[in-house]
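Here is a sequence together with a model predicted from it:
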Amino acid sequence: MVTTIFGLEATLTLTEENDYYVFATIRDDVIAGLGGDDIIIGGTGTDFIDGGAGNDMAAMQVSLANAALSIDAQGYLVVSSVGGILSFRHTLGNIERVQFLTLDEYDIGTLIARAGGTPPPSGQTFTGTNGADQLFGTSGDDLFRPLFGPDIVSGGPGDDRLELPTTLERTGVFATTPNELAFRGNVGTQGYAYTVRDVETFVFADGATYTFAQMVALANNNTGEPLPDPTPGPDVIEGTSGDDTIKGAGGNDTLRGAGGNDSISGGAGRDTLSGDAGNDILSGGAGNDTLYGGDGNDRLLGGGGRDLINGGRGVDSMTGNRGADTFVFDDRDTGLKAAKRDVITDFGGRDVIDLQQVDASRGLSGDQAFTFSGTTASAQGIWYAVAGGNATVFGDTNGDARADFAITLIGVTSLNAADFIL
């Protein structure tokens, strides 16, 4: 089957089986083919064309006489327009043939040699930046270290490895297509969002190693039933038992993930977001929002406004962003050991930690309040210690002046009683 596609917007990933005629736009596009024999016709702008597997051809809208050939830093062929009314720069990866406007057709090796380069060497290491990167591998066994930011990684042929800056427990993993994975996480105040294809091995920060098939199984990509589209007014949208993507629009929305590893964003308005079960990502957006992580290891981002953020059970990462935010903790929803603690990545300004729902003395009837004791441990107290530029808040709930739970505050070196609601 041959499919023709027009009017792409910025990024397109083709499917595994079909053959495509693809027409790029006047924008800066990223076109990624998978299986099938694709014909990709470049538009204007700065495009990256990755044919993927199969016998793929890139078609240029100028003759060879009006094209400049060069090799980029990663060894890829770059075809640029010279003069004329069209202006483009196409970088070609996993392309076998190139056709010009005069219908002259060349294999990629001939054009690379003509440009004075050689095919990319095998086994390169590709290191990203803290911005948006596009890392495309060679035909050999490559190593990818994307770092932070929204990155695209395409391994290509070979046995490729990707190193992630977080442990699996601190990473959101999603199977977006049968041949593509998405990873999300953060280290302190720096976050990342990877889109990954054609990579065979994944290595997490603690050295844990998984194959592609294992990561797909962990992602448990059950998309569930279609969800309603948001409206400009107040919406109530509840997800399924699968992995849902739920988005609000204008208005004060109530959005619930139910089961699965969900991605929920509120948009404008005073929104209430609930992840419920699963490892969820909640983003409040603009407005004074309320975020409940529920069970699972969740990532919660408040956005603009005065947000109320409650991670719930599990190991949660919470970011208030702008505004005076309140981080709420329930009884037993944060652990004591470093690997079990909730983390607040940007505590400061007029943010507060609300511990009113945690009983300071479980052995007594009623709900006892904590007392802030600075950097000194105390019975039924809240105190903190600083190490490595981060503060850890400790709390005693049985009267022995020993910590029973803890919360990590990234980049915080000083706290006082006004930082807490006890």
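Looks like it arrived, so ask away. Residues are numbered from 1 along each chain as shown.

any low-confidence regions in this structure?
Along the chain, segments meeting pLDDT under 70 span 1-29, 32-37, 53-55, 84-85, 117-122, 139, 176-177, 220-235, 249-250.

the helices in the stretch 201-350 of the chain, which residues?
Here the stretch 201-350 of the chain has its helices, by DSSP state H, counting those that start in this stretch, at 212-219.

Walking through it, point out its strands one by one.
For the stretch 201-350 of the chain, the strands defined by DSSP state E, counting those that start in this stretch occupy 201-203, 209-211, 236-238, 245-247, 254-256, 263-265, 272-274, 281-283, 290-292, 299-301, 308-310, 317-319, 326-330, 342-344.

what's the answer for the stretch 51-200 of the chain, then?
57-59, 67-71, 77-81, 88-93, 97-99, 105-107, 125-127, 134-136, 143-145, 149-154, 161-163, 171-177, 180-187, 190-197.

What sits closest to residue 376 if chain neighbours are left out?
Nearest residue to residue 376, sequence neighbours excluded (Cβ to Cβ, 6 or more residues apart in numbering): residue 383, at 5.8 Å. Quick note: C-beta positions are derived from backbone N, CA and C, even for glycine.

where does that neighbour fall, helix, sheet strand or coil?
Residue 383 carries the three-state label strand when classified by DSSP: H, G, I helix; E, B strand; the rest coil.

Could you double-check that it lies in contact with residue 374?
Yes: when contacts are counted by Cβ atoms under 8 Å, residue 383 is listed as touching residue 374 (6.2 Å).

Comparing the two, which shows the higher neighbour count?
Using other Cβ atoms under 10 Å, the more surrounded residue of residue 383 and residue 374 is residue 383, with 21 against 13.

which residues does the more buried one contact?
Shown in contact with residue 383 (Cβ atoms under 8 Å, 6 or more residues apart in numbering): 372-377, 393-394.

Among these, which one lies nearest to residue 287?
Closest approach between these and residue 287, by Cβ to Cβ: residue 393, at 27.7 Å.

Remind me which helix or strand the residue nearest to the closest one when sequence neighbours are not counted belongs to.
Excluding the flanking residues, the one nearest residue 393 by Cβ to Cβ, 6+ apart is residue 407, at 4.5 Å. Following DSSP states H and E, one finds residue 407 within strand 405-409.

just checking, what packs against the helix or strand following that strand?
Next in sequence after strand 405-409, counting helices and strands by DSSP H and E, comes strand 420-421. With contacts taken as 3 or more Cβ pairs under 8 Å, 6 or more residues apart in numbering; DSSP states H and E, strand 420-421 sits against strand 352-357.

Now do the domain split for this protein, please.
2-114, 125-219, 236-421 (automatic domain parsing).

and the gap between residue 294 and residue 311?
Per Cβ to Cβ, to the nearest Å, residue 294 is found 9 Å from residue 311.

Can you pick out the residue with more neighbours from these two?
residue 311 (30 against 22).

give the contact list for that one.
Taking Cβ under 8 Å, 6+ apart, we find residue 311 in contact with 293, 298, 300, 317-318, 329, 333-334, 342.

Touching, the residue nearest to residue 393 and residue 390? I think so.
No: with contact defined as Cβ under 8 Å, residue 407 does not count as touching residue 390 (10.8 Å).

What residues of stretch 99-116 count as buried?
Buried residues in stretch 99-116, counted by 16 or more other Cβ atoms under 10 Å: 99-100, 108, 111-112.

same deal with stretch 374-381?
377-378, 380-381.

can you give me the end-to-end distance of it?
Stretch 374-381 has an end-to-end distance of 9 Å (Cα to Cα, to the nearest Å).

what residues does it touch?
360-361, 368, 370-373, 383-385, 394-397, 399-403, 416.

Among the contacts of residue 383, which are located in helices?
Among those, no member falls in helices (DSSP state H).

Quick check: the farthest pair among the residues you listed?
Those two in those that are separated most widely, counting by Cβ to Cβ, are 376 and 393, at 13.3 Å.

now residue 305: how far from residue 420?
On the measure of Cβ to Cβ, residue 305 and residue 420 end up 21 Å apart.

With residue 172 instead?
Distance from residue 172 to residue 420, by Cβ to Cβ: 29 Å.

between those two, who's got more neighbours?
residue 172 (22 against 17).

residues contacting that one?
With Cβ under 8 Å, 6+ apart, residue 172 has these contacts: 182-185, 261, 263, 279, 281, 299.

Which residue or residues pair with it through a beta bridge?
Assessed by DSSP bridges, residue 172 has beta-bridge partners residue 184.

thought residue 184 was touching residue 165?
No: with contacts counted by Cβ under 8 Å, residue 184 stays clear of residue 165, the gap being 11.6 Å.

Give the intersection of the neighbour lists for those two.
Taking Cβ under 8 Å, 6+ apart as the contact rule, the neighbours common to residue 184 and residue 165 are residue 192.

Alright, that wraps it up for me.
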